[in-house]
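>>> Got a predicted structure plus its sequence, pasted below:
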Amino acid sequence: MKVIEISRRRFLKGSVALSVYATSSLNAVTLIPKSITQPTNKIFNNLKEIPFLCNMCRNKCAGIARVEESIVTKIDPNPFFPKSRNMICPKGNAGIQALYDKDRVKYPLIRVGKRGNGNYKRVTWDEAYEYIKDKLIKILDEQKDNRSTIAYCNGEGFNKDEYIQFFGGKIGSANFLDEGSICLNTKLGATLLTIGDVGEMDVAGSDFLILLGANRFESLITPDSVDMARMQKEQKLIVVDPRATVTALKANEYLPINVGTDLALILSMTYIAIKENLYNSEFVKKQFKDFDKYQEHILKERYTSQWAESKTAIPKEKIEKLTKEFFDAERPLLYMGRRSVWAKNDFQLRRAMVLLNGLAGSINRKGGIIFGEPIKLPQEEINSPIYDNAEGRFDLDGVVYGSRKGGSWLNFREKVITKTAPYEVKAMFIRKHNLMQNMPNIAKTKKMLEMMELVVVLDTMPTDTAIMADVILPECTYLEREDKVVSFNRLEPSLALRNQVVQPLYESKSMQDILKGLGKKLSKPLFEISKKYDEDLQDSIKELGEKKAFNEGGYDFVELYKKDITQRNQELIEKKFGKDVYKTLKDRGVWYPNIDKHHKEIFNGVYEYYPEDKKFYSVDRKFKVNCYLKKLQKNGFDPMPTWRDEYDFKVAKDSFRMITGRYVMFTQSATTNNSMLRDLEHTNHIWINNKIAKEKNIELGDLVEVKSSIGKVKIKAYPTNKIHPQVVWFAHGYNSTSESMTNSYGNGANDNEIIEDKFEKIYGCATMHHTDVKIRKL
Ligand code: SF4
């Protein structure tokens, strides 16, 4: 990114920072002289240990940051948090590098020259807000106050609800998108629609655990993974995966499976359980709805082990043995997954998995899918205007359920770029969401962004998406801000608070401060637009007068940010839970009922949070396991999990099915530039079966071209026997095209350059494992 400076004084300040941070893979203390740190807040001047919540992935483990002379020098796990159980993974430790990354966006920037060329001028915050205001006034005037012409998105993380309140509630757009439709919405939706809740999986309590493609020892190490690693001899772990992953190799049994055929395996296990009466009939009788229909359907379809062998390539004897062992176990659990959607049958697969867990009685009990008892936090009320001319969202057209909140990214993008949406989308606000790396078919994302009259990105890093923006607003990292207190977990519920560890570096700000500044600038001018086009508002002004109509109608966008986040957290917690709870949250970062009594170390570094009899394994709740979904049937889809021939694993001659995953060192593309993590896994390689590699004369480290119907990439080869001959794999999160991401620019290959953009029609989720590719040695 080339930044054209506008002030000599600021230029010097920026240059110093750049050169000082230039070799930032070293320890921050050795790098940053005291003179350029931020000694503005005295409490940070001495050694401090400040509890916070990690944001390097969605798990949100609790940590304690050691701060010396205003520098974060070390991160330790926080032993009080039941969710993270005294663990911080390598990514969590590398959070220090996210803070001190020399490539961070340091001050507000406005694009000069062509979109995507990476040329920006440094501006003040006010100049950035002014630019956004002028553009929005013009757009909304042309669109006659249709607020939905401003789309906005936010990836996973805290404060998402507040971001929605601002752009959805206050500004009034219907078009919010998040990561759900390129992540695990089918799993969440299938569980919700089948048992009325998304639940939580009690991995530690299970004595027979099946993982379908969940590579928990290699792609995501969270406390759940630690529970799996700590499984005792009497507990069994079975892994089903097209690749012999590290997780597979550590399991009691590994079953290789054809890509996209997991549903056939689960349907066959269901068939065997029903046919041979292995299931928990008492639970089924009490909790299942329409079981007779499901039973009849499964038996009629004859999902035998022999049939499943022909689909999955798992020998029928193994399917039969697996089923018997699963139903013989005291507390079996078919792990519901924590990953993106792979095949177009994903929703049906997740439904079949919940139903199989239900057949084993593994719902609302120890070792199963549990409902538990989360601690309820009070909601802050916000007065939102009603905009008469704001049109509805269109991305869920043609999708049966979809997420009303996070929508369907691929459907949205397609309608925008083909101009088949009912109205034009002219502006986009993007926060914590690297669209140019994380959505299949990057060329289409680029096209969509090029069509916008205004793109604003709030981010800490100059990502591939940031360099497509007109305005880049530097958000501070999670270590530089306090966030809203959050309620976690169901089995061992707790509240946790992300404290601010250090002051924001450079000119970065928290999201709340950014929206406050933007709100101040926008409230009145956008109200003027509504006055011009909104007849209801015109009537209201006649009746109440302009001042009252503005105030009572909720048009003041700053309303939410009149108090700072610390004050809001304090009031929220003290009002419902009292002063002591707030103090505990500030001091320890975590609170749960009886924490002083129940929290104890039971072994070196291993803690008990709740005594066994106080954990919420089972709760008194009315629920049904719904076998039959009428809405699906009405929309022409299978109301019960069903195999269709189109799901068969078939790959054209000389082609390979491309599958993707990730390394534990990276959280998708969000950590791609982190030099501490880069040191651990410098680049990605494509897995190719040894036999194929030999035929093509490809050796370890050779550069190969991987080509699909939408694009091609170059990547180094990793020939191995651990993958099916018709399948290739490489990890997501590599190769930034933004030159300002100096560690990840041009390094490795980005899977989304070649993954075709298809989505399933039940939740509108991108399906990642249906692309066939050709490979050749370069
Ligand atoms: S699993 Fe690692 S990266 Fe994720 S929140 Fe926990 S410590 Fe942070």
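The structure has been received and is ready for your questions. Numbers count the residues shown, from 1 in each chain.
>>> Quick check, central residue of the chain?
residue 156 (4.3 Å; C-alpha atoms, centre = their mean).
>>> The ligand contacts on this protein?
54, 56-57, 59-61, 84, 88-89, 91-92, 222 (C-beta under 6 Å from any ligand atom). For the C-beta atoms, the positions are set from N, CA and C on the backbone; glycine is no exception.
>>> what about residue 399, how many neighbours?
Using other C-beta atoms under 10 Å, residue 399 has 20 neighbouring residues.
>>> A strand includes the residue nearest to the centre of the chain, no?
No. Counting by DSSP: H, G, I helix; E, B strand; the rest coil, residue 156 is not part of a strand but coil.
>>> who are the neighbours in contact with it?
By C-beta atoms under 8 Å, 6 or more residues apart in numbering, the residues touching residue 156 are 58, 178-179, 183, 432.
>>> Include secondary structure and pLDDT when you put these into a markdown table, please.
Formatted as a markdown table, the contacts of residue 156 follow (DSSP: H, G, I helix; E, B strand; the rest coil; pLDDT from 0 to 100):
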| residue | secondary structure | pLDDT |
| --- | --- | --- |
| 58 | coil | 86 |
| 178 | strand | 95 |
| 179 | helix | 93 |
| 183 | coil | 91 |
| 432 | coil | 92 |
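>>> Taking those together, which two end up most distant?
With C-beta to C-beta as the measure, no two of the contacts of residue 156 lie farther apart than 183 and 432, at 13.4 Å.
>>> So for the strand ranked longest in the chain, what gets flagged as buried?
Longest strand in the chain by number of residues (criterion: DSSP state E): strand 712-720. Neighbour counts using 16 or more other C-beta atoms under 10 Å place 713, 715-720 of strand 712-720 among the buried residues.
>>> burial measure for the residue in the stretch 201-350 of the chain positioned nearest to the ligand, as a count.
Going by C-beta to the nearest ligand atom, the ligand is nearest to residue 222 of the stretch 201-350 of the chain, at 4.4 Å. Residues within reach of residue 222, counting by other C-beta under 10 Å, total 22.
>>> Next: residue 503.
16.
>>> how close does it sit to the ligand?
22 Å (C-beta to the nearest ligand atom, to the nearest Å).
>>> can you pull the pLDDT of that residue?
Confidence at residue 503, expressed as pLDDT, is 96.
>>> Tell me if I'm right that it and residue 70 touch.
Yes. At 7.5 Å, residue 503 and residue 70 qualify as touching, with contact defined as C-beta atoms under 8 Å.
>>> Of all the residues in the protein, which one is nearest the ligand?
Closest point on the chain to the ligand, by C-beta to the nearest ligand atom, is residue 92, at 2.5 Å.
>>> For that residue, which non-adjacent residue is spatially closest?
residue 54 (4.5 Å; C-beta to C-beta, 6 or more residues apart in numbering).
>>> tell me the contacts of the one you found?
So residue 54 contacts 60-63, 75, 84, 88, 91-92, 95, 478 (C-beta under 8 Å, 6+ apart).
>>> What residues of the longest helix seen in the chain count as buried?
For the chain, the longest helix by residue count, based on DSSP state H, is helix 511-533. Buried positions in helix 511-533, judged by neighbour count with 16+ other C-beta under 10 Å: 511-519, 521-523, 526-527, 529-531, 533.
>>> can you check stretch 244-252 too?
Applying 16+ other C-beta under 10 Å to stretch 244-252 flags 244-248, 250-251 as buried.
>>> what about the strands in the stretch 151-300 of the chain?
With DSSP state E, counting those that start in this stretch applied, the stretch 151-300 of the chain shows strands at 176-178, 200-201, 208-212, 236-241, 253-256, 288-289, listed in chain order.
>>> Could you dump these into JSON lines with distance to residue 377 added?
JSON lines is the format used below for the strands of the stretch 151-300 of the chain (distance: least, C-beta to C-beta, whole Å):
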{"stretch": "strand 176-178", "distance to residue 377": "20"}
{"stretch": "strand 200-201", "distance to residue 377": "17"}
{"stretch": "strand 208-212", "distance to residue 377": "31"}
{"stretch": "strand 236-241", "distance to residue 377": "35"}
{"stretch": "strand 253-256", "distance to residue 377": "42"}
{"stretch": "strand 288-289", "distance to residue 377": "32"}
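>>> what's stretch 281-301 in contact with?
Outside of stretch 281-301, the residues within contact range by C-beta under 8 Å, 6+ apart are 267, 270-271, 274-275, 355, 358-359, 361, 363, 623-628, 640, 642-643.
>>> quick one: which of those sit in helices?
Using DSSP H, these in helices are 267, 270-271, 274-275, 355, 358-359.
>>> so where is the chain shaky, pLDDT-wise?
1, 4-45 (pLDDT under 70).
>>> one step back: of the contacts of stretch 281-301, buried ones?
267, 270-271, 274, 355, 358-359, 361, 363, 623, 625-627, 640, 642-643.
>>> so which two of those are the farthest from each other?
Distances among the buried ones among the contacts of stretch 281-301 were taken as C-beta to C-beta; the most separated pair is 623 and 643, at 27.3 Å.
>>> List the residues that contact residue 126.
517, 521.
>>> Please report the distance of it from residue 521.
From residue 126 across to residue 521, the span is 8 Å (C-beta to C-beta, to the nearest Å).
>>> Of all the residues in stretch 378-395, which ones are buried?
384-385, 387-391, 393-395.
>>> measure that stretch end to end?
One end of stretch 378-395 to the other measures 31 Å (C-alpha to C-alpha, to the nearest Å).
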